[in-house]
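>>> Coordinates for the following, if possible.
(2 chains)
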2 protein chains.
Amino acid sequence: MRTVRSIRTMQNVCREATARGKRIGLVPTMGFLHEGHLSLVRRARKLSDLVVVTIFINPAQFAPNEDLKKYPRDERGDLRKIRDAGGDVVFIPKREDIYPDDYETYVTVEKLTTALEGASRPTHFRGVTTIVAKLFNITRPDVAVFGMKDYQQAIVLRQMTKDLGYPVKFVVAPTVREADGLAMSSRNKYFTPSQRTEARCLFFALRTAREMVKAGIADCRKIEKEMRAAIKATYPTAGIDYIAFTEFSTLRPVQEIRKDTIVSLAVKVHGVRLIDNMKLL
Amino acid sequence: MRTVRSIRTMQNVCREATARGKRIGLVPTMGFLHEGHLSLVRRARKLSDLVVVTIFINPAQFAPNEDLKKYPRDERGDLRKIRDAGGDVVFIPKREDIYPDDYETYVTVEKLTTALEGASRPTHFRGVTTIVAKLFNITRPDVAVFGMKDYQQAIVLRQMTKDLGYPVKFVVAPTVREADGLAMSSRNKYFTPSQRTEARCLFFALRTAREMVKAGIADCRKIEKEMRAAIKATYPTAGIDYIAFTEFSTLRPVQEIRKDTIVSLAVKVHGVRLIDNMKLL
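I've put the predicted structure just below:
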């Protein structure tokens, strides 16, 4: 496995691989990898000949009040995990190479970014689409793999990929959960063991929703009420940012559960903003 | 020579060429080709193995009050000219394939687009950068060739190419002029013969500037005054949109002519907005 830190080198490595007929698979990450990320790497391994994993904590997707500075890092651990999961190249660009002082180009998806996460984090998706476009351009992948845990991100990036004509097969892989249901996230690292237990409130809320739907309840307002109760029962001081029932592909809000409905939520747990989601039918 | 109208086919043609080690050269145009465009095709021919010329009248770069609807077309003539100039593939996408109804992704270069053309045409460059990014993504070129006549466009696109990490050699080819100095433009088509003579006022202004600089005058204000006089002498009712002296790469205004100074201007001639520019040292 090879580690590349220069943009120029990364461009050349991918160009040469493509010129030899190899299919390139890209997995963009912010590092501090867990099983969720590694499932993406394994998926890319199956779908391509050269698996490129990128590690870049992208400042453009953090607001000034967010956790850019304390975002966890473990480059040595990441490299070992990527190698074990079948990665071929790890691209770890420098911040000043990705965003030099005279940087001024941004990619925006206008409508899909206004709801849910975009409403709470107005500059977040512009940062995400810009960095992923840049990584697409540097590596020119045939396939790119993203995680379903960041559901809106996946929808937004899929739209960008289609709108901008990228010849990239866009794959969204299922959320990987801990044994107790908590969705894997690098930010889980921030919790003490007892906080970690309270962080399960998101999963409990989703499980409540799924059980209600199984029992034949389709009224989103009713389900949301019980989800809020489930959160508060686990973690009474939870700050619920949103609970949203939307059409999967369009993010349009729905009142009744249908086949393409997804419920997603964002909750602040001891100062850490967590997100999760689940399809309900 | 091959004509391609589908995005998917164009992606595949380029992918296959790249996988066989061929270098792709891209020349984006809006059609109605003149010698200026053809000089770009010939330049691409020298620099690449597969020359892709695109013809797309890009609605996103026209404001509602501009000449999108009457912009001249001549597909058959264009195909013949491209073949003679050495093109391999002509990509003529449909408007509804480039911008389907649910289209919502845009690429913006923020600072370089505020001056000159951007000040007069606020949404113009967003349209230009978006379509060129999309053409870059569809064709994944090794080299792309643009014309110096659209000086600010070249600077803006060069910035986008660098900022977004495109592994594309960015070439800007010199303006081609008619024998009498008028810069070639598809919009020259709009003129009657007598209007065509008045359209030379831009070139006369630039020539005046160049001669003053040769005579040792470096004060931009003085030169601008004489340029305005030259325009009015040729075409008394000219609507001068701007005459600007700027640093070549940054578009920053300058007061004194230096080695990297370029003068550019936009003038409305009988309802047709023309632009031109010249380096002065």
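>>> and chain A, which residues reach chain B?
Within reach of chain B by C-beta under 8 Å from any C-beta of the partner chain, chain A has these residues: A:7, A:11-12, A:15, A:18-21, A:98, A:102-112, A:129-130, A:133-138, A:140, A:159-160, A:163-167. Where you see a C-beta, it was placed from the backbone N, CA and C, and this is true even at glycine.
>>> Could you tell me which of these count as buried?
A:7, A:11, A:15, A:18, A:98, A:103-109, A:112, A:129-130, A:133-138, A:140, A:159-160, A:163-167 (16 or more other C-beta atoms under 10 Å in any protein chain shown).
>>> Which of the residues you listed fall within helices?
In helices, defined here by DSSP state H, the members of these are A:7, A:11, A:15, A:18, A:98, A:129-130, A:133-138, A:159-160, A:163.
>>> okay, now residue A:180: neighbour count?
Neighbourhood size, residue A:180 [other C-beta atoms under 10 Å in any protein chain shown]: 10.
>>> For residue A:207, see how far away the closest residue to it other than its chain neighbours is.
In space, and not counting its chain neighbours, residue A:180 is closest to residue A:200: 6.0 Å by C-beta to C-beta, 6 or more residues apart in numbering or on different chains. From residue A:200 across to residue A:207, the span is 10 Å (C-beta to C-beta, to the nearest Å).
>>> shared neighbours of these two, anything?
Contact criterion C-beta atoms under 8 Å, 6 or more residues apart in numbering or on different chains; residues shared by residue A:200 and residue A:207: residue A:181.
>>> So which of those two has more stuff around it?
Between residue A:200 and residue A:207, counting by other C-beta under 10 Å, residue A:200 is the more crowded of the two (19 against 15).
>>> Next one: the more buried one, what pLDDT does it get?
Residue A:200 is assigned 97 on the pLDDT scale.
>>> Was I right to think residue A:168 contacts residue A:136?
Yes. Using C-beta atoms under 8 Å, residue A:168 is in contact with residue A:136, at 6.3 Å.
>>> who touches both of the two?
With C-beta under 8 Å, 6+ apart, residue A:168 and residue A:136 have common neighbours A:26, A:144, A:161.
>>> Tell me the one of the residues you listed nearest residue B:244?
The shortest approach to residue B:244 among the shared contacts of residue A:168 and residue A:136 belongs to residue A:161, at 37.8 Å (C-beta to C-beta).
>>> Who are the contact partners of the closest one?
A:136, A:144, A:168, A:170.
>>> May I see these arranged in JSON lines, with pLDDT as well?
Shown next, in JSON lines, are those (pLDDT from 0 to 100):
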{"residue": "A:136", "pLDDT": "99"}
{"residue": "A:144", "pLDDT": "98"}
{"residue": "A:168", "pLDDT": "98"}
{"residue": "A:170", "pLDDT": "98"}
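>>> and which of these is nearest residue B:90?
Within the contacts of residue A:161, proximity to residue B:90 (C-beta to C-beta) peaks at residue A:168, which comes in at 24.4 Å.
>>> Residue B:157 versus that closest one, what's the distance?
22 Å.
>>> Could you check how many residues crowd around residue A:222?
Counted with other C-beta under 10 Å, the neighbours of residue A:222 add up to 11.
>>> Which residue, other than its chain neighbours, is closest to it?
residue A:212 (7.4 Å).
>>> quick one, what contacts the one you found?
Contacts of residue A:212 by C-beta under 8 Å, 6+ apart are A:222-223, A:226.
>>> Which SSE is immediately downstream of the strand or helix carrying it?
Assigned by DSSP states H and E, residue A:212 belongs to helix A:201-214. Using DSSP H and E, the helix or strand that follows helix A:201-214 towards the C-terminus is helix A:220-234.
>>> and after that next one, which helix or strand comes next?
The helix or strand immediately downstream of helix A:220-234 is strand A:239-247, counting by DSSP H and E.
>>> helix or strand right after that next one?
Heading C-terminal from strand A:239-247 (DSSP H and E), you reach strand A:261-269.
>>> Dihedrals phi and psi, residue A:280?
In terms of degrees, to the nearest 10, the main-chain angles of residue A:280 are phi -110, psi -10.
>>> Now the residue most central in space within chain A. Nearest residue, chain neighbours left out?
By C-alpha atoms, centre = their mean, the mean C-alpha position of chain A lies nearest to residue A:150, the distance being 3.5 Å. Spatial nearest neighbour of residue A:150, chain neighbours left out: residue A:275 (7.2 Å); criterion: C-beta to C-beta, 6+ apart.
>>> what sits against that neighbour?
Residue A:275 neighbours (C-beta under 8 Å, 6+ apart): A:117, A:149-151, A:202, A:264-267.
>>> Where do the strands of the stretch 51-200 of chain A begin and end?
A:89-91, A:105-109, A:143-147, A:169-173 (DSSP state E, counting those that start in this stretch).
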